[in-house]
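Participant: Below is the sequence, then the predicted model.
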Amino acid sequence: MDLTFSEEEIEFRDELRDWLGSNPPGEEPRSDQDAAFAFRKEWQNSLFEGGWAAVHWPREYGGRDASLMQSAIFFEEMGRANAPLPANGLGLILAGPTIIAWGSDQQKDRFLLPILSAEEIWCQGFSEPEAGSDLAAVKTKAVQDGDEWVVTGQKVWTSVAQYSKWCMLVARTDPEAAKHKGLSYFLMDMEQEAVQIRPLVQITGEAEFNELFLEEARIPADNMLGGEGDGWNVALTTLMNERSGLGFFLQTQLRRALDRLVEDAKENGQIDDPVVAQALGEMHVRTETLRLLAYRGLSIIEQHGQPGPEGSLTKWLWSETNQMLSQLAVGIRGAKSLTEGDPWAYDLLRSRGNSIEGGTTEILKNIVAERVLGLPRK
């Protein structure tokens, strides 16, 4: 694909840069999780008021009808401006596009606008204690009771559940059907007593992830997305967006972090150490590879109309490289990188979750092997 920006794309980039210059995001609080989330919610509201909350959405639903290249430009410019991810990232990147693709007119009217404004936050109820990233192994069950579905089960690794109004929930509605066939996709209201949230405290001291315990939670039949038994296909739409939508933002953030580390190595003289120089060079190659993979994913969407399994490779490489970079920073910067308050100390601890969230590395490797390389299953 031609990576040269057209006049229209340059105009889009310059308009965004001007807006970011007039509306700088500021510095996100790092010592208080609630304050950080409130900051990102306010930031998303600023994006919404400026018309930038979801450029990739169709204009009729509050987006800008941005092309694939313009969407890539958007994420890159956000990364360069050191802007945080919006508070409702799961709503903007996952729930919104899935509802647009599969939802009824009534569902679109009800759910899309509050996603854009961050009035209603969304979480994702896919993973389970015994299912992990294997969606077909979901055991949470939903039984129809009149015009409602009654859901019982458990979900885990549910990001921002403690702040969420709604959950993208996959549950088994037909226990007799094949594993992939008996699933349905629901939009579940989190604000009911039958939904219990238990925070999972991470090594950083934050409770970013959560467990969900569902004890006969009730979901109106109108809140099923797609038809009964369509859950697998609807969920694939969500997963493909998850593993491709953040590629440009993440690779730009990684590049900025690497550039900061190179400056640190220059200041303390370690850049002259050939071992350090070689390690930084490897990080440069990995970061550049990630950027090109993100663009390759863009080309796949242009050819086939939807994200492909190649997005799994991008996420896998980012996870591995981000972990390697944070470890390298400790070696170059020394003990100060392990002191409380140092941003690299937080990044080192937080990066351990990169290989779990958004699909575990083991599952992503299987996807790449089977669906990208065409290797046989054992």
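Facilitator: That came through, no problem. Numbers count the residues shown, from 1 in each chain.

Participant: low-scoring pLDDT stretches of the stretch 251-378 of the chain, where are they?
Facilitator: 301-310, 378 (pLDDT under 70).

Participant: show me where it has helices.
Facilitator: 274-304, 310-333, 343-350, 361-367 (DSSP state H, counting those that start in this stretch).

Participant: which one of those helices is the most hemmed in?
Facilitator: helix 310-333 (a mean of 21; mean count of other CB atoms under 10 Å). All C-beta atoms are positioned from the backbone trio N, CA, C, and that covers glycine.

Participant: one step back: how about the helices of the stretch 251-378 of the chain in CSV, adding distance to Glu211?
Facilitator: Below are the helices of the stretch 251-378 of the chain laid out as CSV (distance: least, CB to CB, whole Å):
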stretch, distance to Glu211
helix 274-304, 32
helix 310-333, 22
helix 343-350, 19
helix 361-367, 20
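
Participant: Just tell me which of those ends up closest to Ser159.
Facilitator: helix 343-350 (12.7 Å; CB to CB).

Participant: just checking, what packs against that closest one?
Facilitator: helix 310-333 (3 or more CB pairs under 8 Å, 6 or more residues apart in numbering; DSSP states H and E).

Participant: So which of the helices of the stretch 251-378 of the chain is nearest Val138?
Facilitator: Here helix 361-367 is closest among those (CB to CB), at 14.1 Å.

Participant: Which neighbouring elements make contact with that closest one?
Facilitator: helix 310-333.

Participant: Run the angle between the helix it packs on and helix 274-304 for me.
Facilitator: 160 degrees (axes from the mean of the first three to the mean of the last three CA atoms, to 10 degrees).

Participant: CA-only coordinates of helix 310-333 in PDB, if you can.
Facilitator: In PDB, the C-alpha atoms belonging to helix 310-333 read as follows (Å, rounded to 0.1, in the frame of the first residue of the first chain):
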ATOM      1  CA  GLU A 310      -2.600 -10.600  11.700                       C
ATOM      2  CA  GLY A 311      -3.700  -8.200  14.500                       C
ATOM      3  CA  SER A 312      -2.700 -10.900  16.900                       C
ATOM      4  CA  LEU A 313       0.900 -10.700  15.700                       C
ATOM      5  CA  THR A 314       0.900  -6.900  16.300                       C
ATOM      6  CA  LYS A 315      -0.400  -7.300  19.900                       C
ATOM      7  CA  TRP A 316       2.000 -10.200  20.600                       C
ATOM      8  CA  LEU A 317       5.000  -8.200  19.400                       C
ATOM      9  CA  TRP A 318       4.000  -5.100  21.300                       C
ATOM     10  CA  SER A 319       3.600  -7.000  24.600                       C
ATOM     11  CA  GLU A 320       7.000  -8.700  24.200                       C
ATOM     12  CA  THR A 321       8.800  -5.500  23.200                       C
ATOM     13  CA  ASN A 322       7.200  -3.300  25.900                       C
ATOM     14  CA  GLN A 323       8.300  -5.800  28.600                       C
ATOM     15  CA  MET A 324      11.800  -5.900  27.200                       C
ATOM     16  CA  LEU A 325      12.000  -2.100  27.000                       C
ATOM     17  CA  SER A 326      11.000  -1.600  30.700                       C
ATOM     18  CA  GLN A 327      13.600  -4.200  31.800                       C
ATOM     19  CA  LEU A 328      16.300  -2.600  29.600                       C
ATOM     20  CA  ALA A 329      15.500   0.800  31.200                       C
ATOM     21  CA  VAL A 330      16.300  -0.600  34.700                       C
ATOM     22  CA  GLY A 331      19.700  -1.800  33.400                       C
ATOM     23  CA  ILE A 332      20.500   1.600  31.800                       C
ATOM     24  CA  ARG A 333      19.100   3.900  34.400                       C
END
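
Participant: Which other helices and strands does that helix contact?
Facilitator: Helix 310-333 packs on helix 247-267, helix 274-304, helix 343-350, helix 361-367, going by 3+ CB pairs under 8 Å, 6+ apart.

Participant: Having no further points to raise, I will conclude here.
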